[in-house]
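Participant: Give me a model of this one.
(2 chains)
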Amino acid sequence: MRASLSIFLKKRSSIIYPSGVKIYFRLFLLCTLFFHLTTSKAQSVSFALKTSPSNSFVFDTFDKYKYGITQANFLNLKVEAVGTEWDLYIGSSTITSGYFDINTLYSTSGSSALPISILQARVHNTSNTTSTGTSFFNLTDISTPTYLIGSAADDATITCGTAGTNVAGSYTTQPQCYNFKVDIKASPGLTYRPGSYSLRIDFYIVQDL
Amino acid sequence: MKKIFLSLAMLAGLVGSASAQVTSLSDEEYAYVTMDLQGILNLTMTTDPNVNFTFKSIQDYKNGITKFNATKLEVDATVAWDLFAYAKDDLWTSVETYSSTGTPLLPAEILQMQSTNDNASSTPIVDANFDNFVSLRGPSLSGVSNGLPDPVKTQFLAGKVGTSLGESYSPGTASSNPSTHQFRIDYRLHPGIPATFSTNTVLNGGTLPSPGFAQAGYYYLEVVYALVEDL
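Facilitator: Have a look, this model is predicted:
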């Protein structure tokens, strides 16, 4: 825009303009200036290189039931935030809020109301800039998500290098702050009905407002 | 010229608006999780599966022989479960005979069993559990058919036929629940003199087939312990 503006600002002394042209020229300048002023600095938040993984936890031995199953690096979140602070939160989506969806049941005994809280997540990066620490936390429904960075309110600025970085940045330049590894752990115990269950885990990055 | 500048102004405006960058103020990533909970039932015998009774003295015949804690069973289950027992055959299998008199047709019921853990589920008849020494029933008397128990006749160490509350045992492991998921079985044989096994329930109303006492010999019997999901 500036390049095109400079072209039109350049006066050619060899050309004599009629008086009416000045009005239109000023109008043109006004329009371009208007668009320049109203076009703010670019803002965006996004996850780069999305993979949308699909993982299965199979409990077929007592040790798995007893100790749970952990999948490290289940997902990698690569954050790109341009020109704005941001929040990051996680929650699960199911048909019945708070409970796994039932695909099929293998038995008639036991409860089939499998709570999503048996699934735990741990989100961390090399700078440990995570608000949730390095411990697993229980998943919740997306209607009451867990904030990994920031909160539902307008947050104070936290620069890279401090836990909970929420300023603009990119995983390509500062992976220690903008590249998150997600581990998932499932510990159903022995009280639920054998069967196949599923859910979707949602990760959201939004502008901090 | 006016038209030229007006056109240029409009073009600049369009270019300006077109070059304004689109902002994405949110984004999402999804991960899909499937959980496969498989039902597991494990019955483990932690003792020697062979239990031997040798009757070689008058005292042995007269007083009988009792083997305490001869069999130890451990149950690990991820579903509600029942545990029952029965003899594989109605009669003991004669391997070798040591005499020419007496009958080799010994009913399974001459073997008595007792569990150290009382069955928490009340059974329909008294000897349908092993809370005290009772004769172990063969397939005919136990009513077991195709591996499935009879609601009245089958003898249960834990649970009973039925899925109502209190009619099965809860999921769990033997190590975490020793009082409910571990069983120690005592066996008893009491021949008497002559070896009529008169203290036990037998097929034909309490007496052995003619001549009414057991033939000396070597016999064996298989005891079946069946762990099933709550039925």
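Participant: Low-confidence regions, chain A specifically.
Facilitator: A:1-41, A:128-133 (pLDDT under 70).
Participant: Please point out which parts of stretch B:117-128 sit buried.
Facilitator: B:117, B:119, B:121, B:123, B:127-128 (16 or more other C-beta atoms under 10 Å in any protein chain shown). C-betas here are computed from N, CA, C, even on glycine.
Participant: quick one: which of the residues you listed is nearest chain A?
Facilitator: B:Ser121 (14.4 Å; C-beta to the nearest C-beta).
Participant: was I right about that closest one contacting B:Val161?
Facilitator: No - the pair B:Ser121 and B:Val161 fails to qualify as a contact (C-beta atoms under 8 Å) at a distance of 9.6 Å.
Participant: Identify the contacts common to these two.
Facilitator: Contact criterion C-beta atoms under 8 Å, 6 or more residues apart in numbering or on different chains; residues shared by B:Ser121 and B:Val161: B:Glu167.
Participant: Tell me the one among the buried residues of stretch B:117-128 nearest to B:Met35.
Facilitator: Top of the list for closeness to B:Met35, among the buried residues of stretch B:117-128 and by C-beta to C-beta, is B:Ser121 at 30.9 Å.
Participant: what sits against the closest one?
Facilitator: B:156, B:158-160, B:166-169.
Participant: Nearest spatial neighbour of it, chain-adjacent residues omitted?
Facilitator: B:Lys160 (4.5 Å; C-beta to C-beta, 6 or more residues apart in numbering or on different chains).
Participant: thinking again about what came up before, using neighbour counts, trim the contacts of B:Ser121 to the buried set.
Facilitator: Here, 16+ other C-beta under 10 Å leaves B:156, B:158-160, B:167-169 buried among these.
Participant: quick one on the thing from earlier: could you identify the most distant pair in the buried residues of stretch B:117-128?
Facilitator: Across these (C-beta to C-beta), the longest gap, 16.6 Å, separates B:Asn117 and B:Asp127.
Participant: Which residues are in contact with residue 47?
Facilitator: Because you didn't say which chain, this covers chain A. Counting by C-beta under 8 Å, 6+ apart, A:Phe47 has contacts A:77-80, A:203, A:205, B:27-29.
Participant: um, chain B though
Facilitator: B:Thr47 neighbours (C-beta under 8 Å, 6+ apart): B:69-72.
Participant: how about 10 Å then?
Facilitator: B:69-73, B:184-185 (C-beta atoms under 10 Å, 6 or more residues apart in numbering or on different chains).
Participant: now swap in B:Ser26 and tell me
Facilitator: A:44-46, A:86-87, A:204-207.
Participant: Same list, these, but as JSON lines with distance to A:Thr162 and secondary structure please.
Facilitator: Listed next are the contacts of B:Ser26 as JSON lines, based on distance: C-beta to C-beta, whole Å; DSSP: H, G, I helix; E, B strand; the rest coil:
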{"residue": "A:Ser44", "distance to A:Thr162": "23", "secondary structure": "strand"}
{"residue": "A:Val45", "distance to A:Thr162": "19", "secondary structure": "strand"}
{"residue": "A:Ser46", "distance to A:Thr162": "23", "secondary structure": "strand"}
{"residue": "A:Trp86", "distance to A:Thr162": "15", "secondary structure": "strand"}
{"residue": "A:Asp87", "distance to A:Thr162": "16", "secondary structure": "strand"}
{"residue": "A:Tyr204", "distance to A:Thr162": "22", "secondary structure": "strand"}
{"residue": "A:Ile205", "distance to A:Thr162": "19", "secondary structure": "strand"}
{"residue": "A:Val206", "distance to A:Thr162": "20", "secondary structure": "strand"}
{"residue": "A:Gln207", "distance to A:Thr162": "20", "secondary structure": "strand"}
